[in-house]
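Novice: build me a structure from this.
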Amino acid sequence: MSARVDHVVTSGTFSLDGGTWDVDNNVWLVGDDTEVVIIDAAHDPDAILAAADGRRVVAIICTHGHDDHINAAADLAAAGPVYLHPADDFLWRAIHPTTDFHPLHDGQHFEVGGVFLEVLHTPGHAPGCVSIHAPQLNALFTGDTLFEGGPGATGRSFSDFPTIIKSITERLLVLPANTKVHTGHGNTTTIGAEAPHLDEWIARGH
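Specialist: Now for the predicted structure:
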């Protein structure tokens with residue numbers, strides 16, 4: 001029963017700064033046939049639980065506190081403990097004022113299906129953004145920090161472009177080039193595919 005990465009796409013909305021947008025979110029599941037870690041609690045708890053397929057939920061890790069990544073968390077909390085970096089507590093409380101989460105911290109490890117997941121604090125898109133590195137699976141789960149084609153958006157409240165560039169440069173692009181980057185929205189990419197474009201991103205202030 002070797003560990004694997006499963007994937008489900010859920011759909012809903014993202015709201016911030018008075019605007020609302022339709023979005024499709026990637027929900028990633030890491031585990032074996034008996035236990036699983038869910039990465040991001042997006043939109044549809046029933047679809048996420050169906051993807052978990054009866055496995056024991058070790059943790060539900062939210063990569064950051066934007067509502068499209070946490071809006072199913074309260075419904076999933078009965079299945080397993082929900083984790084979020086405390087720097088995004090204020091975003092969490094706006095959606096779940098009466099539900100608590102377990103705090104994530106940089107360097108924290110989770111074990112599931114015989115593999116380890118390491119938490120990397122990668123702020124910039126939001127103060128509490130994290131990426132999850134699974135070196136034994138050659139996988140990195142970046143939430144909205146790094147996408148195919150560049151960094152996550154930094155044009156809204158509580159975000160900062162120099163900070164996200166620092167996070168990507170110092171925490172992500174140092175990983176092996178063949179590391180698969182599983183993103184919060186859109187296509188999977190690799191560190192090697194994205195790293196050569198760092199100067200372009202900086203030049204255009206993406």
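
Novice: what are the contacting residues of stretch 160-172?
Specialist: 120-125, 129, 131, 140, 142, 145-146, 151-152, 154, 181, 191, 198, 201-202, 205-206 (Cβ atoms under 8 Å, 6 or more residues apart in numbering). Using the backbone N, CA and C atoms, a C-beta is placed for each residue, glycine as well.

Novice: distance between the ends of it?
Specialist: 17 Å (Cα to Cα, to the nearest Å).

Novice: cool, stretch 131-139 as well?
Specialist: Termini of stretch 131-139 sit 11 Å apart (Cα to Cα).

Novice: same question, stretch 163-180
Specialist: Termini of stretch 163-180 sit 23 Å apart (Cα to Cα).

Novice: related to what we said a few turns ago, select only the buried ones of the contacts of stretch 160-172 in PyMOL?
Specialist: Buried residues among the contacts of stretch 160-172 (16 or more other Cβ atoms under 10 Å), as a PyMOL selection:
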select buried, resi 120+121+122+123+124+125+129+131+140+142+145+146+151+152+154+181+191+201+206
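
Novice: what is the neighbour count of Ala195?
Specialist: The tally of other residues near Ala195 (other Cβ atoms under 10 Å) stands at 15.

Novice: quick check: it touching Ala177?
Specialist: Yes - in this structure Ala195 lies within contact range of Ala177 using Cβ atoms under 8 Å: 6.9 Å.

Novice: can you map out the helices along the chain?
Specialist: Taking DSSP state H, the helices of the chain run over residues 45-52, 67-70, 73-76, 89-95, 161-167, 191-194, 198-204.

Novice: phi, psi of Thr34?
Specialist: Main-chain dihedrals, Thr34, degrees, to the nearest 10: phi -120, psi -30.

Novice: what number of residues lie near the closest residue in space to it that isn't next to it in sequence?
Specialist: Leaving aside its sequence neighbours, Thr34 sits nearest to Arg55 (Cβ to Cβ, 6 or more residues apart in numbering; 5.9 Å). When neighbours are defined as other Cβ under 10 Å, Arg55 has 22 of them.

Novice: surely Arg55 meets Val37?
Specialist: No - using Cβ under 8 Å, Arg55 is not in contact with Val37; the gap is 9.8 Å.

Novice: find residues that contact each of these two.
Specialist: Common neighbours of Arg55 and Val37, counting by Cβ under 8 Å, 6+ apart, are Gly31.

Novice: what sits against the residue nearest to Thr34?
Specialist: So Arg55 contacts 31-36 (Cβ under 8 Å, 6+ apart).

Novice: same deal with Leu91?
Specialist: Here Leu91 is in contact with 64-67, 70, 126, 128, 158 (Cβ under 8 Å, 6+ apart).

Novice: and it, what pLDDT?
Specialist: Looking at Leu91, its pLDDT is 98.

Novice: so how far is Asn71 from the residue nearest to Thr34?
Specialist: 22 Å (Cβ to Cβ, to the nearest Å).

Novice: with Val57 instead?
Specialist: Taken as Cβ to Cβ, the span from Val57 to Asn71 is 18 Å.

Novice: for Asp24, name its beta-bridge partners.
Specialist: Using DSSP bridges, the bridge partners assigned to Asp24 are Ser11.
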